[in-house]
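Visitor: Predicted coordinates and the sequence they were generated for:
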Amino acid sequence: MTTRIHCLNPISEHGLKLLTEDYELTDKIEDASAVLVRSASMHEMELPENLEAIARAGAGVNNIPLDKCTEKGIVVFNTPGANANGVKELVIAGMLMAARDICGGIDWVRENKEDENICKDMEKSKKKFAGTEIQGKRLGVIGLGAIGVEVANAAAGLGMKVYGYDPFISVNGAWQLSCFVKHVTDLNKIFEKCDYITLHVPLLDSTRAMINKEALAKMKDGVVILNYARDLLVDDDDMLEALKSGKVHRYMTDFPNPKVTHMPGVIATPHLGASTVESEENCAEMAVKELMTYLETGSIRNSVNYPSCEMPPCRGICRLCVFNINKPNMIGQFASVLAEEGINIPDMQNKSKGEVAYTIMDADQEVPQRVIDRLMEIDGVYKVRVMKAE
Ligand SMILES: NC(=O)C1=CN([C@@H]2O[C@H](COP(=O)(O)OP(=O)(O)OC[C@H]3O[C@@H](n4cnc5c(N)ncnc54)[C@H](O)[C@@H]3O)[C@@H](O)[C@H]2O)C=CC1
Ligand SMILES: O=C(O)C(=O)COP(=O)(O)O
């Protein structure tokens with residue numbers, strides 16, 4: 001049977017062409033088994049009953065109702081690192097645009113395009129657009145994940161003194177970080193020391209408005225803030241005050257809103273971080289592969305709401321995938337139900353992540369609906385997915 005996929009945003013053809021003949025794209029989300037999405041907000045959407053998975057072709061998942069998806073046994077994927085280089089390059093451009101009035105200079109040339117004497121006049125006018133160099137300046141990187149590490153390493157390569165802060169840095173992230181990046185364990189050190197501060201954390205309750213009045217007060221006068229992560233990481237009203245007083249020299253952001261666009265000292269881009277051919281292709285390819293693997297085998301890789309759990313192709317007649325609350329005796333109850341029904345389990349795998357768990361069980365015979373119903377009745381089970389072996 002053909003599996004239907006709905007795209008909520010345009011997704012690179014590079015990824016879509018990987019879909020085999022077993023798949024087709026549908027315009028109707030209510031018919032879809034899986035959704036591909038970039039930044040479209042899914043919070044107010046009704047999620048179709050037969051929706052198995054959502055793949056975010058990108059990093060941030062604050063546009064997806066994760067708790068709701070978890071309770072419905074909908075696996076949400078993202079594509080870690082697939083657009084990190086694209087964002088890094090825009091951040092470096094942002095730093096250079098903050099250091100020198102490149103935008104002002106370009107505007108001046110546009111405004112004076114009819115001036116016959118432009119060659120002479122620009123030599124008189126250019127001092128208005130003079131700036132500083134980034135070499136030797138201090139950069140604080142908050143969040144050392146896929147993007148933060150790349151930004152930190154690139155800035156160190158450009159001769160900046162780089163300070164990195166991430167209390168949850170992954171082992172992989174730590175391995176990739178240049179030895180020239182100074183590890184900081186107290187965020188205040190970044191606020192107090194740095195000429196440039198760049199944010200590369202997800203939008204969470206714990207990071208919301210992390211750049212606020214209190215944080216800004218600790219910073220050096222004339223600091224540059226770069227926000228290529230998410231709008232709500234910065235308190236707009238506090239930023240406006242800091243820009244007006246000169247505490248912040250420039251606020252570089254990829255997330256303009258009606259308040260931000262009117263602030264002095266703001267240089268904003270329209271969420272362009274991942275808008276490169278390469279990033280769009282990388283994200284689409286990874287997202288499509290994640291979906292196909294999950295839909296065809298039940299194996300989960302790079303999910304943000306369920307644990308990674310991988311099994312080779314089904315060794316039985318039928319594969320059961322159970323989504324449940326992570327609490328004692330769940331596997332025992334699943335095995336008991338199958339044993340009572342005389343069903344053998346030739347292979348199984350169970351993984352947990354925080355408050356949820358996921359179990360793949362192969363059965364060596366067809367599993368009747370009655371058994372699925374019994375599994376669903378176990379307290380804490382969100383969903384049972386049944387897959388027939390080829
Ligand atoms: N402008 C754009 O187009 C794009 C923006 N983004 C944004 O950038 C964010 C980061 O992306 P990636 O680096 O790919 O994600 P990632 O998941 O690889 O890295 C995030 C890092 O932030 C760290 N972190 C979490 N809470 C923290 C805290 N309170 N203080 C310091 N560090 C903390 C985590 O430990 C992790 O290492 C995304 O969540 C998204 O919001 C991502 C891609 C494109
Ligand atoms: O990956 C992310 O988190 C991004 O912000 C990129 O968003 P986009 O895919 O360009 O709509």
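Guide: Arrived safely, thanks for sending. Ligands and ions are numbered 1, 2, ... in the order given.

Visitor: neighbouring contacts of stretch 57-65?
Guide: 9, 11-12, 15, 36-43, 47, 54, 56, 76, 78-84, 146-147, 202-203, 229-230, 274, 280, 283-284, 286-287, 304 (CB atoms under 8 Å, 6 or more residues apart in numbering). Heads up, the C-betas are built off the backbone N, CA and C, glycines and all.

Visitor: what does stretch 273-290 give?
Guide: 11-16, 18-19, 36, 38, 55-59, 77, 79, 82-83, 85-87, 89-91, 228, 254, 301-302.

Visitor: Just the buried residues of those residues.
Guide: 11-12, 14-16, 19, 36, 38, 55-59, 77, 79, 82-83, 85-87, 89-91, 228, 254, 302 (16 or more other CB atoms under 10 Å).

Visitor: And the residue nearest the centre of the chain?
Guide: Centroid-nearest residue in the chain: residue 59, 1.7 Å away (criterion: CA atoms, centre = their mean).

Visitor: Any residues of the protein in contact with ligand 2? List them.
Guide: 38, 39, 58, 59, 60, 83, 271, 273, 274, 275 (CB under 6 Å from any ligand atom).

Visitor: quick one: average confidence on the helix or strand containing residue 360?
Guide: Using DSSP states H and E, residue 360 sits within strand 356-363. Across strand 356-363, pLDDT averages out at 97.

Visitor: Tabulate the CA atom coordinates of it in PDB.
Guide: The C-alpha trace of strand 356-363 is given here as PDB (Å, rounded to 0.1, in the frame of the first residue of the first chain):
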ATOM      1  CA  VAL A 356       8.800   7.900  27.700                       C
ATOM      2  CA  ALA A 357       9.800   4.500  26.300                       C
ATOM      3  CA  TYR A 358       9.600   2.600  23.000                       C
ATOM      4  CA  THR A 359       9.500  -1.100  22.500                       C
ATOM      5  CA  ILE A 360       9.800  -3.000  19.200                       C
ATOM      6  CA  MET A 361       8.700  -6.700  19.400                       C
ATOM      7  CA  ASP A 362       8.700  -9.100  16.500                       C
ATOM      8  CA  ALA A 363       6.000 -11.800  16.700                       C
END
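
Visitor: which other helices and strands contact that strand?
Guide: strand 318-325, helix 330-340, strand 347-353 (3 or more CB pairs under 8 Å, 6 or more residues apart in numbering; DSSP states H and E).
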